[in-house]
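*Asks:* requesting a structural model of the entry that follows:
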Amino acid sequence: MGTVSHLHDRTRPVAHRIASEEEALDIARTLAGEFAPGASDRDINRVLPYAELDLLAQSGLLGITLPSEYDGIDVSNAVLADVIAILAEADSAIAEVPQSHFQFIEALRLAGTEEQKKFFYARALAGDLFAGAIVEQPRAENGQPTRLTSEGIGHRINSRKYYSTGVLFSDWVVVSALDLQEKPVFALLSRKADGLQVIDDWDGFGQRTAASGTTVLQNVYVNADSVVRDKTAEPHSTIASIGQIIHASIDLGIARAAFADLLGFLRSKSATDIVGDPLAHSRIGQIVVALEAATAMLERAGKKIDFAQVNGNDAQIAQAVVSAAAARATASRTALDVVDALFELAGPAATKIGLNFDRHWRNIRTHMADEPLRRIHRELGTTQLSSASIAPGSPA
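*Replies:* Numbering: from 1, shown residues only. Down below sits the predicted model:
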């Protein structure tokens, strides 16, 4: 416990060392129990979850996907999905913050040097949070993507990145760029780097406390050994699939939270007439089936990604892509259906501002905005029609 990590000019103890997948799930449930009671108030008043993210960092969950040779426990992707879904049911904004963190850990596994892995994996194990500054919108003021420029033995970077989820809470900022050879890379920057500014300008009506604001980079220096190749779009990459199951897990968590609020409301005195309605019972039964199906698809997708990480062949990776995308589409649709049922069955009394049930609809709609169902379906269809595609039911 002799070292500390820095976050927002504060210090925190080095993270707990998790020993097993079972312990990781237990810790996630414990944290969820602490996060859930204040989630609605944080949403209504937009109170950013600094304290909650400190607890997440100290819990050790940010290091659970690290390879065993770097002192991690290398949890299965199904367990990672479970952890995220548990946290998302408590507070979906908090669960969204570490999405790019886990994707970067995978990017480092695929393309990092031995020295980079030792250093950055150690930081994750200590509880440091990595957050992505990826999106340029518009593409850039001069119509060009972000590029590294040469500066002695290192680089400089100038950019303005939007929708930088979690950067406000981070220790390290993962910035997408093109290197001097026009290859996509990630530049790893300390959150306190000179010239790096995070603007808390996120004003979306949902996921309000994920702080998906703007990151401004003004002539920021990048060490040569802090640049990692970005293999996200390459054929043999599992980075995007991990991102998809995390997104799916967040959607599943939102669905579970809305369902819990629905059941709690229907069991209350406010809705005694609904409790005896057989049609309401049938509708609730349909939701139970949908939630179980979404959960099973996430577990299947996690296993497919596990296989792809171990074998790394085209067939395994194609299966992972299909399963992860299908899991996300299913979880998204399920969340929308549950939120509709919440207001359909609970009626006018459920619309009271004090209950804040509408946050579930706002959260799922906001979270789905970057990857609408029509796009997921189109990409799955395109994959299946291509000559290299593998049918979803094919053996792994």
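*Asks:* alpha carbons only for contacts and neighbour counts from here, please
*Replies:* OK.
*Asks:* distance of the most centrally placed residue in the chain relative to Ser159?
*Replies:* With distances taken as Cα atoms, centre = their mean, Gln99 lies nearest the centre of the chain, 2.7 Å away. Relative to Ser159, Gln99 is positioned 22 Å away (Cα to Cα, to the nearest Å).
*Asks:* that older thread, and the residue nearest to the centre of the chain, what does it touch?
*Replies:* For Gln99, the set of contacting residues under the criterion of Cα atoms under 8 Å, 6 or more residues apart in numbering consists of 131, 243, 246-247.
*Asks:* mind putting those into CSV with distance to Val198, pLDDT and neighbour count?
*Replies:* Formatted as CSV, the entries for those read as follows, by distance: Cα to Cα, whole Å; pLDDT from 0 to 100; neighbours: other Cα atoms under 10 Å:
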residue, distance to Val198, pLDDT, neighbour count
Ala131, 12, 98, 28
Gly243, 23, 96, 22
Ile246, 24, 98, 31
His247, 23, 98, 28
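*Asks:* tabulate those residues (JSON lines), appending secondary structure and distance to Gln103.
*Replies:* Formatted as JSON lines, the entries for the contacts of Gln99 read as follows, by DSSP: H, G, I helix; E, B strand; the rest coil; distance: Cα to Cα, whole Å:
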{"residue": "Ala131", "secondary structure": "strand", "distance to Gln103": "9"}
{"residue": "Gly243", "secondary structure": "helix", "distance to Gln103": "6"}
{"residue": "Ile246", "secondary structure": "helix", "distance to Gln103": "9"}
{"residue": "His247", "secondary structure": "helix", "distance to Gln103": "11"}
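*Asks:* and which of the residues you listed is nearest Val175?
*Replies:* The closest of the contacts of Gln99 to Val175 turns out to be Ala131 (Cα to Cα; 8.7 Å).
*Asks:* isn't the closest one up against Trp172?
*Replies:* Yes. The pair Ala131 and Trp172 passes the contact test of Cα atoms under 8 Å, sitting 6.4 Å apart.
*Asks:* part of a helix, is Val175?
*Replies:* No. According to DSSP: H, G, I helix; E, B strand; the rest coil, the state of Val175 is strand, so it is not within a helix.
*Asks:* report how many residues lie close to Asp314.
*Replies:* The tally of other residues near Asp314 (other Cα atoms under 10 Å) stands at 16.
*Asks:* quick one: pLDDT of it?
*Replies:* The model reports Asp314 with a pLDDT of 84.
*Asks:* ok, and the closest non-adjacent residue to it?
*Replies:* His236 (6.7 Å; Cα to Cα, 6 or more residues apart in numbering).
*Asks:* need the contact list for the one you found.
*Replies:* Residues 312-314, 317 are the ones in contact with His236 under the rule Cα under 8 Å, 6+ apart.
*Asks:* surely it is within a strand?
*Replies:* No. Counting by three-state DSSP, His236 falls outside a strand, being coil.
*Asks:* low-confidence regions, the stretch 1-150 of the chain specifically.
*Replies:* In the predicted model, the stretch 1-150 of the chain carries pLDDT under 70 at residues 1-11, 137-143.
*Asks:* rewinding a little: and which of the contacts of Gln99 is nearest Arg12?
*Replies:* Distances from Arg12 to the contacts of Gln99, taken as Cα to Cα, are shortest for Ala131 (18.1 Å).
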